[in-house]
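*Asks:* Predicted model and sequence below, questions to follow.
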Amino acid sequence: MGRIFGRLSMMRFASMPGAVLLIFFALFLIGCSDGLTEAQQRNNAGVEHQRKGRLREAIKDYNEAIGLDAQLAEPYYNRGNAYFSHGQYPRAIQDYNEAIRLDPGYAVAYANRAQAYTFLGQDKEAQQDVDRAAGLGIDRAILDRVIEKLRSQR
């Protein structure tokens with residue numbers, strides 16, 4: 001008896017025009033976000049701006065993403081990359097630090113922080129990060145070549 005009542009209730013609900021509109025609206029919202037949070041969407045917009053060389057717009061998007069979800073490592077990492085591209089190595093290191101704090105297994109954050117340390121002449125810190133990145137699966141030979149090339153450019 002409860003099953004029949006449950007079906008009848010659902011049939012009445014589904015036949016209501018407002019309920020149908022509500023269902024379509026919910027599906028529309030789900031489809032628009034592709035399952036990403038607003039913070040992830042802002043981060044992705046920043047990546048797209050950065051890819052096109054619009055670093056200021058990218059940093060603005062990353063700042064918004066961080067404001068929406070300060071526990072998401074990717075916007076810190078990506079903002080660090082934008083600062084790195086601007087030659088703002090101390091700021092890049094701060095953001096890589098935060099990305100690593102939030103996600104200690106973030107291998108590329110260690111690798112990029114190693115590069116920033118290298119540009120600042122902090123070779124000991126750079127080598128520690130190379131070791132960490134290699135321990136997390138990044139090819140050590142590639143890391144060593146990149147660091148050596150950066151050292152020669154100082």
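*Replies:* All right, it came through fine.

*Asks:* got the contact list for residue 85?
*Replies:* Applying C-beta atoms under 8 Å, 6 or more residues apart in numbering to residue 85 gives the contacts 50, 55. Quick note: C-beta positions are derived from backbone N, CA and C, even for glycine.

*Asks:* mind redoing it with 10 Å?
*Replies:* Residue 85 sits next to 50, 53, 55, 58-59, 92 when contact means C-beta atoms under 10 Å, 6 or more residues apart in numbering.

*Asks:* again, but for residue 138
*Replies:* Neighbour list for residue 138: 107-108, 110-111, 114, 130, 132 [criterion: C-beta under 10 Å, 6+ apart].

*Asks:* Residue 101 and residue 73 touch, don't they?
*Replies:* Yes - with contact taken as C-beta atoms under 10 Å, residue 101 and residue 73 are classed as touching, separated by 8.3 Å.

*Asks:* The spatially most central residue of the chain and residue 144, how far apart?
*Replies:* Among the residues of the chain, the one closest to the centroid is residue 74, at 2.0 Å (C-alpha atoms, centre = their mean). Relative to residue 144, residue 74 is positioned 26 Å away (C-beta to C-beta, to the nearest Å).

*Asks:* tell me which element residue 76 falls in.
*Replies:* Per DSSP states H and E, residue 76 falls inside helix 73-85.

*Asks:* Can you spell out which helices and strands pack onto the helix or strand just after that helix?
*Replies:* Scanning the chain past helix 73-85 towards its C-terminal end, the next helix or strand to appear is helix 89-102 (assignment: DSSP H and E). Applying 3 or more C-beta pairs under 10 Å, 6 or more residues apart in numbering; DSSP states H and E, one finds that helix 89-102 makes contact with helix 55-68, helix 73-85, helix 107-119, helix 123-135.

*Asks:* Check the offset of helix 89-102 from the chain's centre.
*Replies:* Its chain's C-alpha centre lies 13 Å from the corresponding centre of helix 89-102 when counted by C-alpha atoms, centre = their mean, to the nearest Å.

*Asks:* Identify each buried residue in it, please.
*Replies:* Residues of helix 89-102 classed as buried by neighbour count (16 or more other C-beta atoms under 10 Å): 89, 91-96, 98-100, 102.
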